[in-house]
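A.B. asks: need coordinates for the below:
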Amino acid sequence: TVADADAAAVYVLGCAAALGGARVAAATSDRVVRTFDGATLRPIVSMRGKSHGGSGGGGGGSGGHTARITDLQAASAAAPYLLASCGRDGVAALWDVRTGGSVLAVKHTGGGGGGGGGGLSAGLHSCSLGCADTLLAVGSAAGVHFYDVRAASSSAAAAAAAATAPSSAVASTAMLGQYVDSHHEDVLRVRFHPSCATSLLTAGADGLACLFDVSKPNEDEALQVVMSAGSDIVNVRAIDGADLVYCQTSVEGVALFDARTGQSCGAIPNFRERVCAEVGFRADYIVDAKWESSGSGGAGAGAGAGRIHVLAGNHAGEIAEVALGGDGTMQGVCVMRGGHYRDVRCAEWFVPTGSAAAAAAAAGGNVGHVLVTGGEDGRLCHWRRRSGGAVGAGFGQSRKASGGGKGVPSSGRVSKQASRAKKRHANPY
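C.D. replies: Numbers count the residues shown, from 1 in each chain. Okay, the predicted model is just below:
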């Protein structure tokens with residue numbers, strides 16, 4: 001029956017692009033990280049783990065997750081083959097997308113933190129790679145914790161240089177340091193700055209977003225800016241090129257701050273209502289946001305100018321891209337229909353490079369504008385700007401992932417497979 005099919009469905013909870021867009025990874029609700037071809041969404045490999053050992057801030061295991069995956073992030077251009085994931089099992093893992101194997105796994109069991117709110121849930125909420133992909137930051141109910149991943153990164157890089165497969169052994173590492181005083185409740189999101197390798201943004205259930213310089217010797221000196229959104233912050237990102245910090249709240253509001261001073265640059269607490277009134281799209285939730293320079297569409301102002309684009313969705317699976325003006329106005333960029341039929345849980349914008357760019361060009365798309373989305377319908381959809389796609393042009397869908405749903409030939413469904421203290425200041429790097 002339809003009800004039975006829905007109960008057995010696999011949600012796509014997170015997605016990320018690796019190898020310059022040649023690979024797209026998806027974290028699914030059955031605790032698996034799957035990789036797909038970036039141009040065709042052809043499934044490549046499913047990465048899963050078994051058990052984990054260790055305690056405290058270290059401990060290793062076989063890689064993978066035994067509970068829900070809460071975050072999935074790709075490394076930077078320094079190590080484009082790496083993915084980082086974390087989950088409710090307290091495990092943070094690094095994956096090599098070339099081999100489909102885990103190269104590092106650490107298990108954080110709590111402790112050593114403030115977290116006055118008692119914690120929203122066990123395990124880790126978020127992860128991010130920074131400092132040229134040598135430092136892994138994770139967020140939990142206790143605070144922000146740091147792990148040195150240079151050994152795992154170097155091992156994978158050396159294997160690539162020698163044209164050999166990395167060792168099947170999964171490395172582990174002890175916790176390098178932690179920040180436990182700046183947030184009073186769960187740290188829900190951690191994100192390193194896209195162009196400043198030592199700048200880390202954190203966001204918490206206390207409504208605060210913090211900007212740290214992790215090159216400083218302790219938490220007090222590392223804390224640069226504190227911003228208050230007035231409600232739990234579930235997503236935060238640095239808007240590169242605009243010195244802005246974007247925050248998304250648990251009540252589907254948007255708040256913007258000056259990254260240098262922490263001063264508010266605007267807030268839209270009633271974002272959904274305004275999208276409905278000003279854009280004509282019924283929005284039920286916010287998916288994610290990005291910065292798009294005016295020059296990226298091929299016309300308009302110089303590369304330094306641009307706007308924040310927010311992706312909003314509804315329970316029917318429709319998604320709209322909305323551009324925010326500096327004067328607080330909104331402009332609809334496009335509406336994407338026919339790919340999803342339930343809530344969209346994640347989105348990844350990326351610009352294909354190298355072989356991935358050639359593949360995207362061969363498919364007839366504008367390689368500067370690629371969007372991948374995943375949702376509660378188990379589908380992973382690949383959208384691209386139509387030819388000559390300046391900002392404001394529509395999107396078209398790409399190819400199937402792995403089996404496609406009836407009546408929707410241009411998206412695919414991810415198939416389900418069996419799976420199996422005391423406070424202190426520390427220098428994280």
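A.B. asks: so where is the stretch 101-250 of the chain shaky, pLDDT-wise?
C.D. replies: When the per-residue scores of the stretch 101-250 of the chain are filtered using pLDDT under 70, the ranges that remain are 110-121, 153-172.
A.B. asks: try 50
C.D. replies: Applying pLDDT under 50 to the stretch 101-250 of the chain picks out residues 111-119, 165-168.
A.B. asks: in this structure residue 305 contacts residue 325, no?
C.D. replies: No - the criterion here is CB atoms under 8 Å, and residue 305 misses it with residue 325 at 11.8 Å. For glycine as for every other residue, the C-beta is placed from the backbone atoms N, C-alpha and C.
A.B. asks: who has more neighbours out of the two?
C.D. replies: residue 305 (13 against 10; other CB atoms under 10 Å).
A.B. asks: do you know how far that one is from residue 371?
C.D. replies: Residue 305 sits 21 Å away from residue 371 when distances are taken as CB to CB, to the nearest Å.
A.B. asks: for the stretch 251-400 of the chain, which segments are assigned as strands?
C.D. replies: In chain order, the stretch 251-400 of the chain shows strands spanning 254-258, 264-268, 285-293, 306-313, 319-324, 330-336, 344-350, 370-375, 379-385, 395-397, with DSSP state E, counting those that start in this stretch as the criterion.
A.B. asks: out of those strands, name the one with the poorest average pLDDT.
C.D. replies: Set side by side, the strands of the stretch 251-400 of the chain differ in mean pLDDT, and strand 395-397 is lowest with a mean of 39.
A.B. asks: if residue 308 is in a bridge, with which residues?
C.D. replies: Beta-bridge partners of residue 308, counted by DSSP bridges, are residue 291, residue 324.
A.B. asks: got the contact list for the residue nearest to residue 182 when sequence neighbours are not counted?
C.D. replies: Counting by CB to CB, 6 or more residues apart in numbering, residue 182 lies nearest to residue 210, which is 5.0 Å off, once chain neighbours are set aside. Under the criterion of CB atoms under 8 Å, 6 or more residues apart in numbering, the neighbours of residue 210 are 182-183, 201-204, 223, 225-227.
A.B. asks: make a ChimeraX selection of the buried ones in these.
C.D. replies: This is how ChimeraX selects the buried members of the contacts of residue 210, with burial counted by 16 or more other CB atoms under 10 Å:
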select :182,183,201,202,203,204,223,225,227
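A.B. asks: what would the contacts of residue 210 look like in a markdown table with distance to residue 135 and secondary structure?
C.D. replies: Below are these laid out as a markdown table (distance: CB to CB, whole Å; DSSP: H, G, I helix; E, B strand; the rest coil):
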| residue | distance to residue 135 | secondary structure |
| --- | --- | --- |
| 182 | 17 | coil |
| 183 | 19 | coil |
| 201 | 14 | strand |
| 202 | 14 | strand |
| 203 | 18 | strand |
| 204 | 20 | strand |
| 223 | 17 | strand |
| 225 | 20 | strand |
| 226 | 22 | strand |
| 227 | 23 | strand |
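A.B. asks: ok now do the residue nearest the centre of the chain, which residues does it touch?
C.D. replies: Note on the chain: the residue nearest the mean C-alpha position is residue 73, at 4.8 Å, using CA atoms, centre = their mean. The contact partners of residue 73, taken as CB under 8 Å, 6+ apart, are 16, 83-85, 127-129.
A.B. asks: which of the residues you listed are buried?
C.D. replies: Buried subset of these (neighbour count, 16+ other CB under 10 Å): 16, 83-85, 127-129.
A.B. asks: for those residues, which one is nearest residue 238?
C.D. replies: For residue 238, the closest of these turns out to be residue 128, at 11.2 Å, with distances computed as CB to CB.
A.B. asks: does residue 233 touch residue 191 like I think?
C.D. replies: No - here residue 233 does not reach residue 191: they are 11.3 Å apart, not a contact under CB under 8 Å.
A.B. asks: looking at these two, which has the bigger crowd around it?
C.D. replies: Under the criterion of other CB under 10 Å, the comparison of residue 233 against residue 191 puts residue 233 first, with 27 against 24.
A.B. asks: not counting its neighbours along the chain, what's nearest that one?
C.D. replies: In this structure, residue 233 finds its nearest non-sequential neighbour in residue 203, 3.7 Å apart by CB to CB, 6+ apart.
A.B. asks: and that neighbour, what does it touch?
C.D. replies: Contact analysis of residue 203 by CB under 8 Å, 6+ apart lists 187-190, 209-210, 233-236, 247.
A.B. asks: between the residues you listed, which is nearest residue 286?
C.D. replies: Relative to residue 286, and with distances defined as CB to CB, the nearest of these is residue 235, at 7.8 Å.
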